[in-house]
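>>> mind folding the following:
(chains A and B)
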Number of protein chains: 2
Amino acid sequence: MTDLVEFVALSLLPAACALSAAERIRAGDSPRIVVDDLAARAARDEPQHASMLRSRAAAALQRAASSGIEAIAWTDPRYPAALTTIAVPPPVLWVRGDPLALDVPAVAIVGSRAASPYGLAVATQLGGDLAAAGLAVVSGMARGIDSAAHRGALDRGGVTVAVLGSAVDVMYPAEHAGLAREIERKNGAVVSELVPGTAPLAMFFPRRNRIISGLSRAVVVVEANEKSGSLITARCALEQGRDVLAVPGSVLSGRNRGAHALLRDGARIVESADDILEELGMARRARGAGESTAHGAKFDPLLDHLPPGEACDLDAISERSGLNSPRLLPRLFDLELQGLVRRVGGGRFVRVDGTC
Amino acid sequence: MTDLVEFVALSLLPAACALSAAERIRAGDSPRIVVDDLAARAARDEPQHASMLRSRAAAALQRAASSGIEAIAWTDPRYPAALTTIAVPPPVLWVRGDPLALDVPAVAIVGSRAASPYGLAVATQLGGDLAAAGLAVVSGMARGIDSAAHRGALDRGGVTVAVLGSAVDVMYPAEHAGLAREIERKNGAVVSELVPGTAPLAMFFPRRNRIISGLSRAVVVVEANEKSGSLITARCALEQGRDVLAVPGSVLSGRNRGAHALLRDGARIVESADDILEELGMARRARGAGESTAHGAKFDPLLDHLPPGEACDLDAISERSGLNSPRLLPRLFDLELQGLVRRVGGGRFVRVDGTC
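Here you go, the predicted model:
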């Protein structure tokens, strides 16, 4: 609990401190010391700043507990492994619904708020088909493409995760309160890095987008114009080593310029969920029997770095294999999907025996 | 005239003889001897086959002359240089309208006959914009995308070339007779490799497509489903070393599966004519001043293989530069567009002096 207060306090520091905080936590510094140091640096003339942050953190945790909101710190075994691989993981994730939803292999679907009927139909279809294939659908619960993707997943009985640009107890847009409740009730999760009570400020949304891509193996952009925030999510995805895919559309409306620009830059074109599954190595398309197994499993030397029966965290696997986390995670996902690796608590992975 | 009869006779041989005929003509054999040899091989039990072909050829030429149709043999200086670079050039092009239209740098726009309003609007727009940029628009005068592309070029006062799967005096579809007349009248051309009077048989259309791409520097596919004949044109274009581009569209209608498959395979995405011009090195987009000149001209070693003042045909340039024709032609086009090379009669190129 003490540590949790420290992690919440970390998240209350100015955004400019976030990278330092992440680097020091990664280096093994105690969160208490990091809070002390960074609070002193952020507010030189205010010696009580650290304890003030801790009081606010404790109050936030109390408020969360009384509203059924879980606070999951970076070091919590329930913290999603994928998110630990990004440059600046949120010190704490505030979660409504089922935290287990955050560890289901996921794909993000993002796009325009002012979506056309075409974009909405595509997002709903893709959300539903990906959910039916066992993937979690991550999005930002905004109007338009985002909520259509959540809705598609829900209506097919799938798992969906909404990452907000406000606290999870401040619904924005307000008309999506019902959608949020449905996501929580149906094995999904509504999450945010912002302490309960935080209003949806414009500055939060670009940073929120790194969590959408960070939780996901791939980001699919549907109907984004040139200025769409979903292009920020796509850029985050590339920085994080995630796949970026885009759905084409009319060249006359101007609604797809962002998606088409991504295609021009090498994003994979998506006509249906099969294209996404294929990119993730979960192809349902007709192809040579056993081809993907032969590729990913038997010959994946990564397995050599996972001693049978020993659960390893990403840092350990990274050190042994020489691969950095953004490269490592997709391969671990592949091995997991092939049943050759299993995820256990604390973002650790264990090799599944029985392959010879 | 004698040679012209021989070339027409060559074009009357079975399609299976076309590659042999082209190879022997390229090797320098006299067309008369090639007709004799191939006629003997094609109809062993009919010793008069060659002279029968010559009579039919002479009759076809007479019929053409009386209808204002020009017959342009492969060796005619008016024969389009681009077409001499493909594996099997038509021995004769039958032309209504202005043969000079065939030597304007060209782009083909092809696509579905059963086009949607979206596809028609895009084809008309692209045809118009390319024509306005000084390119000829080549297509097949079919219903749908093809005629929309021709129409777009005509309405902007540009040059357009229709390549038919019937003879140029057999209008198919019949309702496009007016369009054909307008193309001829407005500095364009209606062309075919089929002798006058030939009906539009299904077998002619795939072969016709190689002429559409062969006349063009690039082929743009608009709204093609998976079985569209325009994918044959795209394949021909790739074999001929031409660029292939495709316009995206809805992923829900099924109308764009062919175009999207091309994008997946690396075709460049087209949102507007600027994308095509950029691919051809005629970019109108903002970029460093003089950049394309610096690239294509000053440093293009190809110019070294063109002695100033000497007109060289493709074979000679190919021999000197070591580049085969499909690779050579796009670069010569570039140099032509930059005013550094000029095309003269007989498909020959001459270096323009004054660069230092």
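>>> every contact and neighbour count from this point should use C-alpha atoms.
Noted.
>>> identify the residues contacting residue A:125.
By C-alpha atoms under 8 Å, 6 or more residues apart in numbering or on different chains, the contact set of residue A:125 is A:149, A:152.
>>> contact partners for the residue positioned nearest the centre of chain A?
The structure's chain A has its C-alpha centroid closest to residue A:215; by C-alpha atoms, centre = their mean the separation is 1.6 Å. Residues in contact with residue A:215 (C-alpha under 8 Å, 6+ apart) are A:80, A:82, A:83, A:102, A:106, A:138.
>>> how about the residues of chain A by chain B?
A:118, A:122, A:247-252, A:260, A:263-264, A:268-269, A:271-272 (C-alpha under 8 Å from any C-alpha of the partner chain).
>>> now list the buried members of those.
When neighbours are counted using 16 or more other C-alpha atoms under 10 Å in any protein chain shown, those contain these buried positions: A:122, A:247-251, A:260, A:263-264, A:268-269, A:271-272.
>>> what is the burial count for residue A:307?
As a burial measure, the neighbour count of residue A:307 was computed by other C-alpha atoms under 10 Å in any protein chain shown and equals 12.
>>> my error: substitute residue A:134 in the last question.
The number of residues packed around residue A:134, counting by other C-alpha under 10 Å, is 14.
>>> identify the residue nearest whichever residue of the stretch 101-250 of chain A sits closest to chain B in space, chain neighbours excluded?
Closest approach between the stretch 101-250 of chain A and chain B, counting by C-alpha to the nearest C-alpha: residue A:249, at 4.2 Å. Of all residues beyond its chain neighbours, the one nearest residue A:249 is residue B:249 (4.2 Å), with distances taken as C-alpha to C-alpha, 6 or more residues apart in numbering or on different chains.
>>> looking at this, the one you found is in a helix?
No: secondary structure assignment places residue B:249 outside any helix; it is coil (DSSP: H, G, I helix; E, B strand; the rest coil).
>>> wait, it touches residue B:258, no?
No: with contact defined as C-alpha atoms under 8 Å, residue B:249 and residue B:258 do not form a contacting pair (10.7 Å).
>>> ok so, going back, okay, the residue nearest to residue A:249: pLDDT?
At residue B:249 the predicted local confidence, pLDDT, stands at 97.
>>> and it, what does it touch?
Contact partners of residue B:249, counting by C-alpha under 8 Å, 6+ apart, are A:248, A:249, A:250, A:251, B:223, B:256.
>>> just the closest of these to residue B:350, please.
Minimum distance to residue B:350 across these is 39.1 Å, recorded for residue B:223 (C-alpha to C-alpha).
>>> didn't residue A:349 look like it was pressed against residue A:340?
No: with contacts defined as C-alpha under 8 Å, residue A:349 does not count as touching residue A:340, sitting 10.3 Å away.
>>> that older thread, quick check: the farthest pair among the buried ones among the residues of chain A next to chain B?
With distance counted by C-alpha to C-alpha, no two of these lie farther apart than A:122 and A:264, which are 20.4 Å apart.
>>> any figure for the gap between the residue nearest to the centre of chain A and residue A:81?
8 Å (C-alpha to C-alpha, to the nearest Å).
>>> residue A:176 too?
28 Å.
>>> out of the two, which sits in the busier spot?
Each of residue A:176 and residue A:81 has its neighbours counted (other C-alpha under 10 Å); residue A:81 has more, 24 against 15.
>>> circling back: now, which of the buried ones among the residues of chain A next to chain B sits nearest residue A:75?
Nearest to residue A:75 among these is residue A:268, at 34.4 Å by C-alpha to C-alpha.
>>> and residue A:231, how many neighbours?
23.
>>> so it lies in a helix, does it not?
Yes: counting by three-state DSSP, one finds residue A:231 located in a helix.
>>> for residue A:249, see how far away it is.
Residue A:231 is 16 Å from residue A:249, by C-alpha to C-alpha.
>>> and the strands in the stretch 51-200 of chain A?
A:70-73, A:92-97, A:106-111, A:136-139, A:160-163, A:189-192 (DSSP state E, counting those that start in this stretch).
>>> residue boundaries of the helices in chain A?
With DSSP state H, the ranges of helices along chain A come out as A:2-11, A:18-26, A:31-42, A:49-66, A:117-132, A:145-155, A:177-185, A:204-214, A:230-239, A:257-264, A:273-279, A:291-293, A:314-321, A:325-337.
>>> most tightly packed of those helices?
Scoring the helices of chain A by mean neighbour count under mean count of other C-alpha atoms under 10 Å in any protein chain shown gives helix A:145-155 as the most buried, with a mean of 27.
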